[in-house]
Every structure is written in C-alpha cells, then in structure tokens.
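Visitor: need a 3D model of the following:
(one chain, ligands or ions: 1)
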Amino acid sequence: MRYLSVSSDPDTAQVSRIGLGTSQFGASQWGYGESYAGQEARAIVRRALELGVTLFDTAELYGFGRSERILGQALGQDRAAVFLATKILPILPVAPVVEQRAVASANRLGVRRLDLYQVHQPNPVVKDQAIMRGMRALQRVGLVGEVGVSNYTLDRWRAAEQALGSRVPSNQVQYSLVTRSPERELVPFAESTGHLVIAYSPLAQGLLSGRYDRDHRPANRIRAANPLFLPENLERAGELMATLREVADAHSATPAQIALAWVIHSPAVVAIPGASSVAQVESNAAAADIDLTDDEYQALSEASARFRPLTGAAAVPRLVRARLG
Ligand SMILES: NC(=O)c1ccc[n+]([C@@H]2O[C@H](COP(=O)([O-])OP(=O)(O)OC[C@H]3O[C@@H](n4cnc5c(N)ncnc54)[C@H](OP(=O)(O)O)[C@@H]3O)[C@@H](O)[C@H]2O)c1
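Guide: The predicted structure is shown next:
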C-alpha cells in the first residue's frame, strides 16, 4: 500500500492511495441484500484493514445512516487508527444544523472525531459561508479534523476555502477512465498546491472490471439507471476494455486493477472503490502498488478518449426500454 499525508496533525492517520467506498453498505439500490449488509460488509472492512487501507469513506446519506453504523461497528477498536471520512448533505446548511448532524454521524460511527467531514455536494442556492461557520465551530471543539468538499468545481472549492478561512484539503469527485473532467482543472490544481482529489466511482460502478457486456448486464437499480450499462454503451466500451486487458496481462493483473492504477497515476489523487466481496477489496488494495509505464498510461488515456458513450437525452428512451424489458 502507498500513502499520502492530508493532515499536519501527527495523530491523524495517513491516507492510503486506495481507500474503501461504502455507499454499498446497507443501501438497497446496490441490491446486495441483507447478508452483505450483515456479514460481508464487515469482512470487507476487516480485510481492508489487514491490507493497510486507512481511508474509509461513508456519508450520512448512504442507507440513511446505515453505512456509517456498519462501518463504525466493523472498524471497532481500529477506528482511531484509520482516516475516517464522512459527508453531510447540505440541505439546511446553517451552523446549528451542521453541528447536530456531525454529532449524529460521529455517534453512528462510534468516534469522537471525524478525520474528514465533507460537504456532499454544493448547495445550489446557499453559498458556503453558512455551512463553513458550522464547520469552523466543529473544528474548534475538535469534533472535525479536516473539512472537505465533494462534487465542487474549482471556483467553488476555492470559495469554500475562503469561507472556511483555512485549507479545504480535498474534493471528492467522480473520476475514472470514463469520466475525465477532473483532469481539466481539479487535478492540476491539486498537484500544484498540495491539495487532494478523492476519486469516486473509479471503476465506473464496475464497468471497468470487464465483467459486464451486452449479454451480461448488472441487475441492480443503481446501474439500471446508469447509461454506461446500456447494451450499446457496453459494446462501445469494447476497445477500451481490450486495452485494459492488454495492459493487465503485462502486469499479471486484472482490468479493474489497471483502471485503479490509471486513476491514481497522479500523485494528487487517491481512489475509493466500493467492493461487493472480500476478493474485490484484496484486488483493489493491491492496485496501489502497480506502476504503469508512460506508454501504458498514454495508451489507456487514448483508448478512453475514443470511448464515446451514448449519454444525456439520447440515452433516456433506451434506459426506459432497458428497464421495461
Ligand atoms: N461523493 C459522491 O457524490 C459519491 C458518489 C458516488 C460514490 N461515492 C463514493 O465512492 C465509492 C465508490 O464508488 P461506486 O461504488 O459508485 O463505484 P465503483 O467503486 O467504481 O464501483 C464499485 C463496484 O464495482 C465492482 N467492483 C469493485 N471492485 C471490483 C474488482 N476488483 N473486480 C471487479 N469488480 C469490482 C463492484 O460491483 P459488482 O461486483 O456488483 O459488479 C462494486 O460494487 C462509493 O462507495 C462512495 O463511498 C461518492
């Protein structure tokens, strides 16, 4: 495993370049069922710890608090040794509400301190001055270590930092071989200023594992609503998958591992893949140690640029048809 430092506080754990995303824990839209929420999720967390994963990401939204509870229980006494990140949904971003929500998240996780408390997405109406007042108070009393943001543009990330009056070290955004917009501004900014991009959905919800094709589509709700899993798009992803497989063969690795190695190629990026099994968390953690050559990185980037999935309005009728039939 490889690590980065996010906090200057020597008591805060370093961040593993591959973390664990836990939106799957106790959330019905992934369709993994009760035995996953009750047993497999715990086994995944325990194995992640053994493999040196320190970054665990959750949110009050996931399973409406259930993910935080499952994660906190699974970590047990190891809670203090990891870098715990959760998120607040800024629906009513005024200081007293922010403070109360942080306490509720900490209670569900069973901790006295949230290492990273992230604003889940920018509030489109209320500027960040309001929420950051609450965040400052939480930092003052030590309930929150670092304040992060998620799904923020660069301008809004900078504005959030001004509103907080101190560093907002991370922005958690969707970033993978099929979603590359963070490369335009966020990743260069993070690289040049010592900030961090936390890549979510780094496997494009499993598309980049190569497990799925036109005749084998995933059956859960979250991916039924994702146009990437339309039969036509799975077919269009063929060339990208072939390149992933070719690079994977050269490293005796899997396409999923190469997709993760590609995402964390920049030293300012860490990734938080979710996992449906212990085997997946093992495979994902090992990806932190894969070094792609410049030629491999280039070949993957070029194949990804040629992948043009059907999205937006053009995808809607097909999504409805796929859902019905
Ligand atoms: N901030 C935000 O707004 C936001 C939004 C979304 C997610 N997130 C965070 O990011 C995390 C990860 O994103 P995500 O779960 O959406 O997508 P992801 O990590 O790209 O995909 C996870 C899925 O890929 C499959 N997979 C994982 N490892 C694999 C492996 N080694 N081999 C083959 N398949 C593998 C599993 O599904 P199957 O086995 O069922 O195929 C797994 O559930 C979430 O858990 C959450 O913490 C944040």
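Visitor: show me what counts as buried in stretch 164-184.
Guide: 164, 168-179, 182 (16 or more other Cβ atoms under 10 Å). Using the backbone N, CA and C atoms, a C-beta is placed for each residue, glycine as well.
Visitor: now swap in stretch 227-235 and tell me
Guide: Neighbour-count burial for stretch 227-235 [16+ other Cβ under 10 Å]: 227-230, 233-234.
Visitor: ends of it, what's the gap?
Guide: 12 Å (Cα to Cα, to the nearest Å).
Visitor: cool, stretch 26-45 as well?
Guide: 14 Å.
Visitor: check stretch 24-41 too.
Guide: Start-to-end, stretch 24-41 (Cα to Cα) is 8 Å.
Visitor: what of stretch 286-302?
Guide: 25 Å.
Visitor: quick one: it near the ligand?
Guide: No. Figure legend: stretch 286-302 not in contact with the ligand (Cβ under 6 Å from any ligand atom); closest approach 8.0 Å.
Visitor: do the same with stretch 177-193
Guide: No. If you take Cβ under 6 Å from any ligand atom as the test, stretch 177-193 misses the ligand, and the best it gets is 9.7 Å.
Visitor: any idea how far apart the tips of that stretch sit?
Guide: Taking Cα to Cα, the first and last residues of stretch 177-193 lie 24 Å apart.
Visitor: let me see the mean pLDDT of it.
Guide: In this model, stretch 177-193 has a mean pLDDT of 98.
Visitor: mind putting the buried residues of stretch 227-235 in JSON lines, secondary structure included?
Guide: Putting these into JSON lines (DSSP: H, G, I helix; E, B strand; the rest coil) gives the following:
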{"residue": "P227", "secondary structure": "helix"}
{"residue": "L228", "secondary structure": "helix"}
{"residue": "F229", "secondary structure": "helix"}
{"residue": "L230", "secondary structure": "coil"}
{"residue": "N233", "secondary structure": "helix"}
{"residue": "L234", "secondary structure": "helix"}
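Visitor: now, which of the residues you listed sits nearest A268?
Guide: L228 (25.4 Å; Cβ to Cβ).
Visitor: quick one: the strands in this protein?
Guide: 3-4, 15-16, 20-21, 55-57, 83-88, 114-119, 144-150, 170-174, 196-200, 269-271 (DSSP state E).
Visitor: can you list these in JSON lines and add distance to the ligand and mean pLDDT?
Guide: Shown next, in JSON lines, are the strands of the chain (distance: least, Cβ to the nearest ligand atom, whole Å; pLDDT from 0 to 100):
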{"stretch": "strand 3-4", "distance to the ligand": "17", "mean pLDDT": "96"}
{"stretch": "strand 15-16", "distance to the ligand": "14", "mean pLDDT": "98"}
{"stretch": "strand 20-21", "distance to the ligand": "2", "mean pLDDT": "98"}
{"stretch": "strand 55-57", "distance to the ligand": "4", "mean pLDDT": "98"}
{"stretch": "strand 83-88", "distance to the ligand": "6", "mean pLDDT": "98"}
{"stretch": "strand 114-119", "distance to the ligand": "7", "mean pLDDT": "98"}
{"stretch": "strand 144-150", "distance to the ligand": "4", "mean pLDDT": "97"}
{"stretch": "strand 170-174", "distance to the ligand": "5", "mean pLDDT": "98"}
{"stretch": "strand 196-200", "distance to the ligand": "3", "mean pLDDT": "98"}
{"stretch": "strand 269-271", "distance to the ligand": "8", "mean pLDDT": "98"}
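Visitor: wait, which of those strands is closest to V97?
Guide: strand 83-88 (8.9 Å).
Visitor: buried sites along the closest one?
Guide: Residues of strand 83-88 classed as buried by neighbour count (16+ other Cβ under 10 Å): 83-88.
Visitor: can you list the residues you listed in a markdown table and add distance to V320?
Guide: Converted to a markdown table, the buried residues of strand 83-88 look like this (distance: Cβ to Cβ, whole Å):
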| residue | distance to V320 |
| --- | --- |
| F83 | 41 |
| L84 | 39 |
| A85 | 35 |
| T86 | 34 |
| K87 | 31 |
| I88 | 33 |
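Visitor: around the ligand, which positions in the stretch 1-150 of the chain sit nearby?
Guide: Counting by Cβ under 6 Å from any ligand atom, the stretch 1-150 of the chain sits next to the ligand at 21-24, 57, 120, 150.
Visitor: what pLDDT does the nearest residue to L109 once chain neighbours are set aside get?
Guide: Using Cβ to Cβ, 6 or more residues apart in numbering and skipping the chain neighbours, the partner closest in space to L109 is G72 (3.8 Å). We have a pLDDT of 97 for G72.
Visitor: next: H216.
Guide: Checking the pLDDT column for H216, the value is 87.
Visitor: on that earlier part again, of the strands of the chain, which is nearest A315?
Guide: It's strand 170-174; of those, that one is closest to A315 (Cβ to Cβ) at 16.6 Å.
Visitor: sounds good, over and out.
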